[in-house]
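Novice: fold the following and give me the result.
(one chain, ligands or ions: 2)
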Amino acid sequence: MAEIRLFLIGSDNFGVLLRDPETGAVATIDAGEAAPIAAALDAAGWTLTDILVTHHHGDHVAGIEALKSRYGATVTAPAADRGRIPAVDRWVEEDDEVRVGALAARVIATPGHTSGHIAYHFPDAKLLFCGDTLFAMGCGRLFEGSPAEMWASLSKLAALPADTQVYCGHEYTLSNARFALRYDADNPKLAARAAEVERLRADGRFTIPTTIGLERETNPFLRATDAGVAAAVGLPGAAAADVFAALREAKNRG
Ligand code: ZN
Ligand code: FE
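Specialist: Numbering: from 1, shown residues only. Ligands and ions are numbered 1, 2, ... in the order given. Coordinates of the predicted model:
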C-alpha cells in the first residue's frame, strides 16, 4: 500500500508526498515551494527520491531546483514543457511508465489548462495525481488549450476506474461546490457532498482525495453530457463539449 502525506503550500496549493513502503522511495507531486515540502518530509522521516511534475506553472515548479540540490531527487516532467521547467532529468509523454520505487504509474496527456499538462495514474495503487486539470467538483482554467481539448482530457480521466483516489493541485472545492449547485441543482449526490464540504472547510479540513466515481456523479464539468446541466447553461440538446465550454465560461465569470 502506498503511503501519502497531504499538506498545504501557500494558501491553496496542495503538497502531496507519495511513499513506496517496499523500497522507501518518496515522490513529491509538483514542487511549488521547497520549504513546506522539506518540512513535510522531515515530519514524516522520509527522504525525497523523485519529483513528478504535472505542468510548468510557477506554483508547481518553483521549488524544484532547491529540492533537487538538497536531496538529489530525479525530476520527471512533461516533454511538451521542455524549456519551461528547470532541472528535469526525464521528459515523459502519454503512456510512458514512471516508477516511484516499486509503484508504477502511466502518464496521461491532459492538455487544456496548459498545452503540456500531464497526469500520473498508478493503476495498481489506484491513485491519480492530476495537477490543475481535474479538481474536486471543478476543473482548471483554460490558459493554453481549447474547451474541446480540455473536455477530451477530462473525459480520459473520467474513464479511469471509479475507485481511483484523486489528488488535485488546489483546495478549490468549496467554491467549486457552490458553483456546481447553480448548474446541477437537482442532483441529490451533489447537494449532500456540498454540505459535507461546507462542514469540512468550516473545520479547517481538506476535501481531498476525491474519487473518479464521486467526480462522475457530482462534478458539473464531467456531467456536461447530462440533460439537466445542458439545460442549465441554456444549451439543451447540445454536444457535451459545447456544454462544457459554456460551463467553463460561466465559471470564469465567477
Ligand atoms: Zn496551473
Ligand atoms: Fe496551480
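
Novice: now the nearest residue to residue 252 once chain neighbours are set aside: phi and psi?
Specialist: Distances taken as C-beta to C-beta, 6 or more residues apart in numbering put residue 141 closest to residue 252, at 6.8 Å, once the chain neighbours are dropped. Bear in mind the C-beta positions are built from the backbone N, C-alpha and C, glycine included. Residue 141 adopts backbone torsions of phi -70, psi 160, taken as degrees, to the nearest 10.

Novice: can you give me the distance of residue 141 to residue 169?
Specialist: 12 Å (C-beta to C-beta, to the nearest Å).

Novice: just the CA trace of stretch 51-66, in PDB.
Specialist: Taking Å, rounded to 0.1, in the frame of the first residue of the first chain, the C-alpha atoms of stretch 51-66 are listed here in PDB:
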ATOM      1  CA  ILE A  51       9.800  14.900  -8.200                       C
ATOM      2  CA  LEU A  52       6.900  14.300 -10.600                       C
ATOM      3  CA  VAL A  53       5.800  17.500 -12.300                       C
ATOM      4  CA  THR A  54       2.300  18.000 -13.900                       C
ATOM      5  CA  HIS A  55       2.800  21.400 -15.700                       C
ATOM      6  CA  HIS A  56       5.100  24.400 -15.900                       C
ATOM      7  CA  HIS A  57       3.200  27.000 -13.800                       C
ATOM      8  CA  GLY A  58       5.300  28.600 -11.000                       C
ATOM      9  CA  ASP A  59       3.100  27.400  -8.200                       C
ATOM     10  CA  HIS A  60       4.000  23.800  -9.300                       C
ATOM     11  CA  VAL A  61       7.700  24.200 -10.200                       C
ATOM     12  CA  ALA A  62       9.300  27.000  -8.200                       C
ATOM     13  CA  GLY A  63      10.700  24.600  -5.600                       C
ATOM     14  CA  ILE A  64      12.300  22.000  -7.900                       C
ATOM     15  CA  GLU A  65      15.800  23.200  -8.000                       C
ATOM     16  CA  ALA A  66      16.200  23.700  -4.200                       C
END
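
Novice: picking that back up, OK, contacts around the residue nearest to residue 252?
Specialist: 113, 132, 248, 252 (C-beta atoms under 8 Å, 6 or more residues apart in numbering).

Novice: buried subset of these, written for PyMOL?
Specialist: What follows is the PyMOL syntax for the buried subset of the contacts of residue 141, where burial is set by 16 or more other C-beta atoms under 10 Å:
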select buried, resi 113+132+248
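
Novice: need the helices for this protein, in chain order.
Specialist: Taking DSSP state H as the criterion, the chain contains helices spanning 34-44, 58-61, 64-71, 147-158, 173-183, 188-202, 212-218, 227-232, 240-252.

Novice: can you give me the end-to-end span of stretch 131-141?
Specialist: 12 Å (C-alpha to C-alpha, to the nearest Å).

Novice: mutual contacts of residue 141 and residue 169, please.
Specialist: residue 132.

Novice: got the domain boundaries for the protein?
Specialist: 3-167, 173-253 (automatic domain parsing).

Novice: measure the residue nearest to residue 252 to residue 124 for me?
Specialist: In terms of C-beta to C-beta, residue 141 sits 32 Å off from residue 124.

Novice: what does the protein have sitting close to ligand 2?
Specialist: 59, 132, 169 (C-beta under 5 Å from the ion).

Novice: out of those residues, who's nearest ligand 1?
Specialist: Of all the residues of the chain next to ligand 2, ligand 1 sits closest to residue 132, with 3.7 Å by C-beta to the ion.

Novice: for the stretch 151-254 of the chain, give me the ranges with low pLDDT.
Specialist: Residues of the stretch 151-254 of the chain meeting the criterion pLDDT under 70: none.

Novice: which ones are touching residue 49?
Specialist: Contacts of residue 49 by C-beta under 8 Å, 6+ apart are 24, 25, 26, 27, 71, 73, 74, 100, 101.
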